[in-house]
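Student: okay, sequence plus prediction incoming.
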Amino acid sequence: MTNRRGKYPKEEHLKSRKAIDLLFKDGALIKAFPLRVIYKYVDRESPDELIKAGVSVSKRKFKRAVDRNRVKRLMREALRYQKTLFQESWEKDGKTFVVFFIYVSNEMLSINKLDQAFAKCFKKLHLSREEQTK
């Protein structure tokens, strides 16, 4: 495994039911197999709040909780690693990036495949963010 870096502190976890409902109601959608991404840009409340992210794995895809938890751990690890590559460009625009990642594959993928999927997602999200800030 490569050298992992970055953090995913509790302040960056998307836990508010109101925020999640608003995100699913008004958010935009990106698909990058094995992920489905719902995102929205909102005004930043604190200077440290660049991203609020949540992850989800369907019970229909993985019946056993131990498998769902493993996939979520891998997703959070890939998120933690990939977001550090884009943070510098996010600091400038004064917006918080609210995003929810949903795992849609029936198979448990390796951390390397998830890294690639998250990299693809973040590139698409970065491009959409640049378009919105113009």
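Tutor: The structure has been received and is ready for your questions. As the structure is a computational prediction, the values presented were derived from the model and not from experiment. Numbers count the residues shown, from 1 in each chain.
Student: mean pLDDT per element in this protein, and the minimum belongs to which helix or strand?
Tutor: Sorting the helices and strands of the chain by mean pLDDT, DSSP states H and E puts helix 87-90 at the bottom, at a mean of 70.
Student: show me what whichever helix or strand comes after that one is packed up against.
Tutor: Using DSSP states H and E, the helix or strand that directly follows helix 87-90 along the chain is strand 95-103. If contacts are counted by 3 or more Cβ pairs under 8 Å, 6 or more residues apart in numbering; DSSP states H and E, strand 95-103 sits against helix 17-26, strand 35-43, strand 51-57, helix 65-83, helix 111-133. Where C-beta positions appear, they are placed from N, C-alpha and C, glycine not excepted.
Student: just name the most buried of those.
Tutor: For the helices and strands packed on strand 95-103, the largest average neighbour count (mean count of other Cβ atoms under 10 Å) is found in strand 51-57, namely a mean of 20.
Student: now that one: mean pLDDT?
Tutor: On average, the pLDDT along strand 51-57 is 92.
Student: does anything pack onto that strand? Which helices or strands?
Tutor: Looks like strand 51-57 contacts helix 65-83, strand 95-103 (3+ Cβ pairs under 8 Å, 6+ apart).
Student: roughly how far is the longest one from the heart of the chain?
Tutor: Put plainly, it is helix 65-83. Relative to its chain's centre, helix 65-83 lies at 10 Å (Cα atoms, centre = their mean, to the nearest Å).
Student: tell me the helices and strands packed up against it.
Tutor: Packed next to helix 65-83, using 3+ Cβ pairs under 8 Å, 6+ apart, are strand 51-57, strand 95-103, helix 111-133.
Student: strand 51-57 and that helix, what's the angle between them?
Tutor: Relative orientation of helix 65-83 versus strand 51-57 (axes from the mean of the first three to the mean of the last three Cα atoms, to 10 degrees): 150 degrees.
Student: now do helix 65-83: everything it contacts.
Tutor: Applying Cβ atoms under 8 Å, 6 or more residues apart in numbering, the external contacts of helix 65-83 come out as 4-8, 51, 53, 55-57, 59, 62, 101, 103, 108-109, 111, 114-115, 117-119, 121-122.
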